[in-house]
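Enquirer: quick one: sequence plus predicted model below, questions after.
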2 protein chains.
Amino acid sequence: MKGTIPQATVARLPRYLHCLTDMVDSEAKCSSEQLAIAAGVNSAQVRKDFSYLGSYGTRGVGYDIRELRSQIRKVLGLTRTYPVVIVGAGNLGSALTNYKGFDAWGFDVVAVVDIDNDKIGDPVDGLKIESANRLADIVKERGIEIGIIATPASAAQSVANRLAEAGVTSILNLAPTILQTSDEVFIRRVDLSTELGILAFHRNSG
Amino acid sequence: MKGTIPQATVARLPRYLHCLTDMVDSEAKCSSEQLAIAAGVNSAQVRKDFSYLGSYGTRGVGYDIRELRSQIRKVLGLTRTYPVVIVGAGNLGSALTNYKGFDAWGFDVVAVVDIDNDKIGDPVDGLKIESANRLADIVKERGIEIGIIATPASAAQSVANRLAEAGVTSILNLAPTILQTSDEVFIRRVDLSTELGILAFHRNSG
DNA sequence: TAGATTGTTAATCGATTAACAATC
DNA sequence: TAGATTGTTAATCGATTAACAATC
């Protein structure tokens, strides 16, 4: 119903989508209260979030699961396929390449690159590891828009620069370092030691 | 200086710590402005965040890098070692076991378990993969407080239940599912397809 | 109609940041 | 003293949630 969707709402939409996908009977309706419990949030929050997507509920009845799913996918832009390159073919890069969760949401890993000559040519989940030297060419040839950085921290900044240079517009950075880039590239960072740090804090202080 | 530190500040502390660790000359001082640029936040934010830790800066000069590091570690509870168990020895579990970033912050992976009999006994980074059947015993024997779930989504809830039952108080969930647990266990969830979903949204709508 | 649940308002809460006095 | 930078205040901004009229 609105033009702009708040950050916090966007961040919760994938979570709702997960919960809705887990609901087997896709013909059924589901109330904000049910979804709130499944997603671990407040039910007023659920309704408020959905109000940004438009009116997809029926008063006294609930939300149509199938319709809601498709609306969330539409809003997030998950109605098409995104070619993705994974940079770094270590354990983490391999884990990501094999990760089936991406497929269901339209993320299609079309290339895995590494600098290690010993790895180049090795198979990973139906792909062959390619040379990181060809990164720019690969991005351009295959129209890649999303890059995932799964290299050591020391290599991450230069990889990000090369990805941006080659035309990638979105980067998911899994290396434990903060990247400096131009505003044209949108970066999200996931750092597991940060997550454990937060865990440690809560262990000690509630 | 204060009793309670805001959630948002806690979440930024590990990031500051990363930036401070990257600064080579640990004798030096560093201004809130410098750190703000490195961490990608506002300098007023930096000063405000640090005000919760107490007064560790000097007006006209900046913050003592070494002192600040040690104070952040203290507040986050990173002055001791935490034994960690990783559940699931697939690519992701193996990546985590090998991940050197944990060591530096005091997270010590002391066990990796899996249900796959073919994997049990295999070496990963100096450890041997153990049977998931022994999970509860392992947790108790080794005083494990933190569990990392790197299993498929289908197994995650039952693993979480068993971890909680065995006495683990903090869980990092990497499986793409939302866990229901008692309030005694603190859970953080990292879901890579969610991150890509957010990336997709920003690609399409700015 | 009676019961249920949405969609929205308005209040509250928490987080961000500009601005500046304090002070090294 | 002059210049720099903190620590804190107060204003602003955004996010959460209780409450309830609308309505199925």
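Expert: All right, it came through fine. Not measured: the values here are computed from a predicted model. Numbers count the residues shown, from 1 in each chain, chains lettered A, B, ... in the order given.

Enquirer: for A:P152, see how far away the nearest residue in space to A:A89 that is not next to it in sequence is.
Expert: Of all residues not flanking A:A89 in the chain, A:D114 sits nearest, at 3.9 Å (Cβ to Cβ, 6 or more residues apart in numbering or on different chains). For every residue, glycine as well, the C-beta is placed using N, CA and C. Here A:D114 is placed at a distance of 11 Å from A:P152 (Cβ to Cβ, to the nearest Å).

Enquirer: cool, and A:S31?
Expert: Distance from A:S31 to A:P152, by Cβ to Cβ: 47 Å.

Enquirer: now stretch A:140-148, how far from the centre of its chain.
Expert: 15 Å (Cα atoms, centre = their mean, to the nearest Å).

Enquirer: what's the answer for stretch A:98-109, then?
Expert: 10 Å.

Enquirer: likewise stretch A:32-43?
Expert: Per Cα atoms, centre = their mean, the centroid offset for stretch A:32-43 relative to its chain is 22 Å.

Enquirer: same check, this time on stretch A:122-137
Expert: On Cα atoms, centre = their mean, the centre of stretch A:122-137 falls 21 Å from that of its chain.

Enquirer: same deal with stretch A:91-109?
Expert: On Cα atoms, centre = their mean, the centre of stretch A:91-109 falls 10 Å from the chain's centre.

Enquirer: same deal with stretch A:198-206?
Expert: The chain centroid and the centroid of stretch A:198-206 are separated by 26 Å, computed with Cα atoms, centre = their mean.

Enquirer: which parts of chain A are strands?
Expert: Here chain A has its strands, by DSSP state E, at A:29-30, A:57-58, A:62-64, A:82-87, A:107-114, A:123-124, A:127-128, A:130-131, A:146-149, A:170-173, A:186-189.

Enquirer: pLDDT score for the residue nearest to A:A89?
Expert: With respect to pLDDT, A:D114 has a value of 98.

Enquirer: for the helix or strand of chain A with the lowest mean pLDDT, name the packing helices and strands.
Expert: The weakest-scoring helix or strand in chain A, judged by mean pLDDT, DSSP states H and E, is helix A:101-104 (a mean of 88). Packing contacts for helix A:101-104, counted by 3 or more Cβ pairs under 8 Å, 6 or more residues apart in numbering or on different chains; DSSP states H and E, involve helix B:192-205.

Enquirer: which residues does the helix it packs on contact?
Expert: Contacts to helix B:192-205, defined as Cβ atoms under 8 Å, 6 or more residues apart in numbering or on different chains, come from residues A:5, A:10-11, A:13-15, A:17-18, A:75-78, A:82, A:84, A:96, A:99, A:101-102, A:104-107, A:145-146, A:169-172, A:186, A:188, A:190, B:176.

Enquirer: what of stretch A:107-125?
Expert: A:81-90, A:93-94, A:96-98, A:102, A:127-135, A:138, A:142, A:144, A:146, A:155, B:193, B:196, B:200.

Enquirer: circling back to that earlier point, make CSV out of the strands of chain A and add mean neighbour count.
Expert: What follows is those, written out as CSV (neighbours: other Cβ atoms under 10 Å in any protein chain shown):
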stretch, mean neighbour count
strand A:29-30, 18
strand A:57-58, 15
strand A:62-64, 20
strand A:82-87, 24
strand A:107-114, 22
strand A:123-124, 14
strand A:127-128, 14
strand A:130-131, 18
strand A:146-149, 27
strand A:170-173, 23
strand A:186-189, 18
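
Enquirer: out of those strands, which gets nearest to DNA strand D?
Expert: Proximity to DNA strand D (Cβ to the nearest atom of the strand) singles out strand A:57-58 among these, at 4.8 Å.

Enquirer: does that closest one reach DNA strand C?
Expert: Yes - among the residues of strand A:57-58, A:57-58 lie within reach of DNA strand C under Cβ under 7 Å from any atom of the strand.

Enquirer: could you report the neighbour count for A:P152?
Expert: 14 (other Cβ atoms under 10 Å in any protein chain shown).

Enquirer: which non-adjacent residue is nearest it?
Expert: A:A175 (6.5 Å).

Enquirer: residues contacting the one you found?
Expert: Counted by Cβ under 8 Å, 6+ apart, A:A175 has contacts A:149-153, A:155-156.

Enquirer: farthest-separated two in those residues?
Expert: Spatial extent of the contacts of A:A175 (Cβ to Cβ) is set by the pair A:A150 and A:A153 at 11.2 Å.

Enquirer: higher neighbour count, these two?
Expert: More crowded of A:A150 and A:A153, by other Cβ under 10 Å: A:A150, with 26 against 17.

Enquirer: what residues go with each domain of chain A?
Expert: A:7-75, A:82-194 (automatic domain parsing).

Enquirer: the longest helix in chain A is where?
Expert: helix A:7-22 (DSSP state H).

Enquirer: gap between that helix and the chain center?
Expert: 12 Å.

Enquirer: for that helix, list every residue counted as buried.
Expert: A:9-10, A:12-20 (16 or more other Cβ atoms under 10 Å in any protein chain shown).

Enquirer: and for stretch A:184-197?
Expert: Applying 16+ other Cβ under 10 Å to stretch A:184-197 flags A:185-197 as buried.
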